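1. below is the structure, and that's it, no one-letter string:
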């Protein structure tokens with residue numbers, strides 16, 4: 001499991017840049033990110049090197065931020081690696097609330113970040129099918 005930050009932003013030019021600059025000035029590395037937007041606002045989801053410090057910096061800058069537990073899964077970095085996992089989740093009727101990829105890969109593995117409806121089912125499926133959860137420590141997250 002990893003702690004994900006969700007930052008709620010107005011959908012205006014420069015808002016994401018200001019968050020990235022604030023974190024950079026605080027010595028915090030962004031490991032993964034995703035943005036979902038509507039006409040007026042967006043949700044910037046991130047895995048960062050120090051979630052607690054990032055949360056403090058963002059709140060001090062008057063950002064609306066929340067922390068959510070997500071699961072990072074190592075999938076084979078080959079055609080069909082992700083499709084296999086998604087098929088397993090579909091067959092087990094585990095709803096994916098959202099997912100995104102993590103920048104980088106290692107030793108033939110790619111990383112996907114998941115927020116699902118039934119975490120227990122996800123973890124059981126991973127164990128049963130030889131897939132692994134990647135720890136925050138392995139990704140350099142605190």
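-> Perfect, I can see it now. Since this is a predicted model, take the numbers as computed values, not measurements. Numbers count the residues shown, from 1 in each chain.
2. what about this protein, any weak spots by pLDDT?
-> 103-108 (pLDDT under 70).
3. so for it, the centremost residue is which one?
-> residue 113 (4.5 Å; Cα atoms, centre = their mean).
4. quick one, what contacts residue 48?
-> Residues near residue 48 by Cβ atoms under 8 Å, 6 or more residues apart in numbering: 5, 23, 28, 29, 30, 31, 54, 141. All C-beta atoms are positioned from the backbone trio N, CA, C, and that covers glycine.
5. please enumerate the strands of this structure.
-> Taking DSSP state E as the criterion, the chain carries its strands at 2-10, 30-37, 41-48, 64-76, 96-106, 109-116, 132-133.
6. mind putting these into a markdown table with distance to residue 16?
-> Formatted as a markdown table, the strands of the chain follow (distance: least, Cβ to Cβ, whole Å):
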| stretch | distance to residue 16 |
| --- | --- |
| strand 2-10 | 7 |
| strand 30-37 | 7 |
| strand 41-48 | 6 |
| strand 64-76 | 14 |
| strand 96-106 | 15 |
| strand 109-116 | 18 |
| strand 132-133 | 28 |
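7. of the ones you listed, which approaches residue 84 most closely?
-> Closest approach to residue 84 among those (Cβ to Cβ): strand 64-76, 7.6 Å.
8. still on that earlier bit, quick check: bridge partners of the residue nearest to the centre of the chain?
-> For residue 113, the beta-bridge partners under DSSP bridges are residue 72, residue 100.
9. mind checking how far it is from residue 128?
-> Distance, residue 113 to residue 128, using Cβ to Cβ, to the nearest Å: 21 Å.
10. so what touches stretch 66-78?
-> 1-6, 47, 51, 55, 81-82, 84-85, 102, 105, 108-116, 119, 122-123, 126, 131-134, 136, 139.
11. nice, that's everything, thank you.
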